[in-house]
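Enquirer: pasting a predicted model and its sequence here:
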Amino acid sequence: MKSSIVKRILAIALIVAGVVTAVLASKDAGSVRWMGLFLLVSGIYFLVSQKASPEQREQAAQQRTSTPPIKWYQSPIVWVPVAALIIAVVSFYVAN
């Protein structure tokens, strides 16, 4: 089980490295941006292609039944727009 966790962490690390490489590359470094895109796509493929073992499926099913539903104030539907609004207001005032 620990090896599957390590594989997932490595796949997520590839995705993050690809995004950072693609975004932070200079305007003249087209090949670096393509390398970042390749890292991003390969990380996504690596993450999606991993299969869950029967033990992991059973553990996830048990966790779903034992976890109570979240309250309305814990919902990302509430907090994502709030965070976006705060970031927009801060960036507006920093830009001016």
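Expert: Yep, it's here.

Enquirer: hang on, G43 packs against I9?
Expert: No. Between G43 and I9 there is no contact under C-beta atoms under 8 Å: 11.0 Å. For glycine as for every other residue, the C-beta is placed from the backbone atoms N, C-alpha and C.

Enquirer: who's more crowded, these two?
Expert: Shown here are G43 and I9; by other C-beta atoms under 10 Å, G43 has more neighbours (20 against 10).

Enquirer: now do the contacts for the closest residue to that one other than its chain neighbours.
Expert: Counting by C-beta to C-beta, 6 or more residues apart in numbering, G43 lies nearest to L14, which is 3.1 Å off, once chain neighbours are set aside. Contacts of L14 were listed using C-beta atoms under 8 Å, 6 or more residues apart in numbering, and they are 39-40, 42-43, 46.

Enquirer: need those residues in CSV with distance to W79 and pLDDT, can you?
Expert: Shown next, in CSV, are the contacts of L14 (distance: C-beta to C-beta, whole Å; pLDDT from 0 to 100):
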residue, distance to W79, pLDDT
L39, 30, 91
L40, 26, 91
S42, 31, 93
G43, 26, 91
F46, 30, 90
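
Enquirer: residues in contact with the helix or strand where G43 lies?
Expert: G43 is located in helix 30-48, with elements delineated by DSSP states H and E. Contact with helix 30-48 is made by 7-8, 10-23, 25-26, as judged by C-beta under 8 Å, 6+ apart.

Enquirer: sorry, back to before: can you list residues touching both of G43 and I9?
Expert: Joint contacts of G43 and I9 (C-beta under 8 Å, 6+ apart) do not exist.

Enquirer: so what's the residue count around D28?
Expert: 7.

Enquirer: pLDDT weak spots in this structure?
Expert: Residue ranges of the chain with pLDDT under 70: 1-2, 96.

Enquirer: swap the cut-off to 80 and go again
Expert: Scanning the chain with the threshold set as pLDDT under 80 gives 1-4, 25-27, 29, 52-53, 56, 60-61, 63-67, 95-96.

Enquirer: and the residue nearest the centre of it, what helix or strand is that in?
Expert: Most central in the chain under C-alpha atoms, centre = their mean is I12, positioned 6.8 Å from the mean C-alpha point. Assigned by DSSP H and E, I12 belongs to helix 2-24.
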